[in-house]
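Asks: how does the following fold in three dimensions:
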Amino acid sequence: MAPFAGYMMPLNYGDGALKEHMACREGAAIFDVSHMAQLDITHASGTASPILAALEGLIPANLIDLPAGKQRYGLFLNAQGGIIDDLMVINAGDYVRLVVNAACAEKDQNWLQAQLSGFKITRLQRALVAVQGPAAADVVAAHILLPENMAFMGVATSQFAEQDIQLSRSGYTGEDGFEISLPEDIAEAFVTALCDDGRVKMAGLVARDSLRLEAGLCLYGQDMDENISVAAASLEWAIPKIRRIGGARAGGFIGAEHTLPELQDGAAMCRIGVLAPKGVPPRSGALIFDAETDGNQIGLVTSGAPSPCVGQPVAMVRVVGEAAIDGPLFAEVRGKRLALERAKMPFVAHRFYRGGGKGA
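Replies: Reported below is the predicted structural model:
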């Protein structure tokens, strides 16, 4: 166990982080992510539409067109275009649910309260359980009713122990799977039932980190923060054309005056993927240079770890724009400089279920 965002969290369980990592890639793994904050936003109209319209002033995503029963990735930005937090936005039909990072929960809720008027914002006391991996759908379907052909980023309601639960087909591993929000009093029974299935393992923070890194997914506080812009974090894909310069609803969000020109012209820095030699992996904060000796510091490692599936360490680095394209890269680790090789992300291909074929 280790402290994480004000909680004591399991680093790994009895089988160790490597087996937990591979269980997720080859079968299914369960992650207790109840530390994530779930914020429900309601409006007197009893519908999600005015909430989503208001949130477009804070989140540079296409939320007005987000259908009920779907969720979308989004970013909170400050006035300078720095990233306050990243989150999921769920259109639940008559309300909107946000799932935000644990370390940012209080900050996010206070910020939302200050920015939005006429809306009620409630932090829920609910558990959140992620079931991830190629066997995840079969495992979950053995215990709760899954909607037919529920695809990636879909959201639905089901039941367990005669209580309503909410599930979204999404996750933080690059694998197919679900994030399941449920009342605290049935959470232990739900997880126990899944574990008794025999096809799934509990997994801790170490495996969760190595899995999301292989999937090329950012961690708030390392790969992005309030001083890093959307373009510098290479998260341009999170802002659709409709909210960019020339789009039908261009701008109109906090930080747009800094964010939109960078999306069009490019940022001074960007995030790229690299492979490192076998051995000691470059970790978060390690400096990046353009020469094996002397030379110039041109960036730093934001996340790095051994990759069980790639077979060597992988890392995400933030470097000056020119270095992303060409030139040597070296990470300084324990007084030595390791040669890095640029690599496309994700390092391990995503396997999200997008519909068609077997859905459960």
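
Asks: now the strands for the stretch 1-150 of the chain?
Replies: 2-4, 7-9, 29-32, 37-43, 70-77, 83-91, 96-100, 119-123, 126-132 (DSSP state E, counting those that start in this stretch).

Asks: which of the ones you listed sits closest to A54?
Replies: Closest of the strands of the stretch 1-150 of the chain to A54 is strand 119-123, at 6.7 Å (criterion: CB to CB). (Each C-beta comes from the backbone N, C-alpha and C, glycine too.)

Asks: circling back to that earlier point, need the strands of the stretch 1-150 of the chain in TSV (columns: mean pLDDT).
Replies: Shown next, in TSV, are the strands of the stretch 1-150 of the chain (pLDDT from 0 to 100):
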stretch	mean pLDDT
strand 2-4	93
strand 7-9	94
strand 29-32	98
strand 37-43	98
strand 70-77	98
strand 83-91	98
strand 96-100	98
strand 119-123	98
strand 126-132	98
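
Asks: pick the most buried one from those.
Replies: strand 29-32 (a mean of 26; mean count of other CB atoms under 10 Å).

Asks: okay, domains of this structure per the record?
Replies: The chain resolves into domains spanning 2-213, 268-343 when parsed by automatic domain parsing.

Asks: which one of those lies closest to F352?
Replies: Once these are compared by CB to CB, domain 2-213 is nearest, at 4.1 Å.

Asks: what is the end-to-end distance of that closest one?
Replies: 20 Å (CA to CA, to the nearest Å).

Asks: returning to that earlier point: okay, the strands of the stretch 1-150 of the chain in JSON lines with distance to H21 next?
Replies: Conversion of the strands of the stretch 1-150 of the chain to JSON lines gives the following (distance: least, CB to CB, whole Å):
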{"stretch": "strand 2-4", "distance to H21": "17"}
{"stretch": "strand 7-9", "distance to H21": "16"}
{"stretch": "strand 29-32", "distance to H21": "8"}
{"stretch": "strand 37-43", "distance to H21": "26"}
{"stretch": "strand 70-77", "distance to H21": "23"}
{"stretch": "strand 83-91", "distance to H21": "23"}
{"stretch": "strand 96-100", "distance to H21": "23"}
{"stretch": "strand 119-123", "distance to H21": "31"}
{"stretch": "strand 126-132", "distance to H21": "11"}
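
Asks: wait, which of these is closest to K241?
Replies: Of the strands of the stretch 1-150 of the chain, nearest to K241 by CB to CB is strand 70-77, at 14.6 Å.

Asks: can I get the closest one in CSV? Just the C-alpha atoms.
Replies: In CSV, the C-alpha atoms belonging to strand 70-77 read as follows (Å, rounded to 0.1, in the frame of the first residue of the first chain):
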residue,chain,number,x,y,z
LYS,A,70,-22.6,8.5,-24.2
GLN,A,71,-19.5,10.0,-22.6
ARG,A,72,-16.7,12.1,-23.9
TYR,A,73,-13.1,12.9,-22.8
GLY,A,74,-12.6,16.6,-21.9
LEU,A,75,-10.1,19.1,-20.4
PHE,A,76,-10.6,21.9,-18.0
LEU,A,77,-8.3,24.8,-19.0
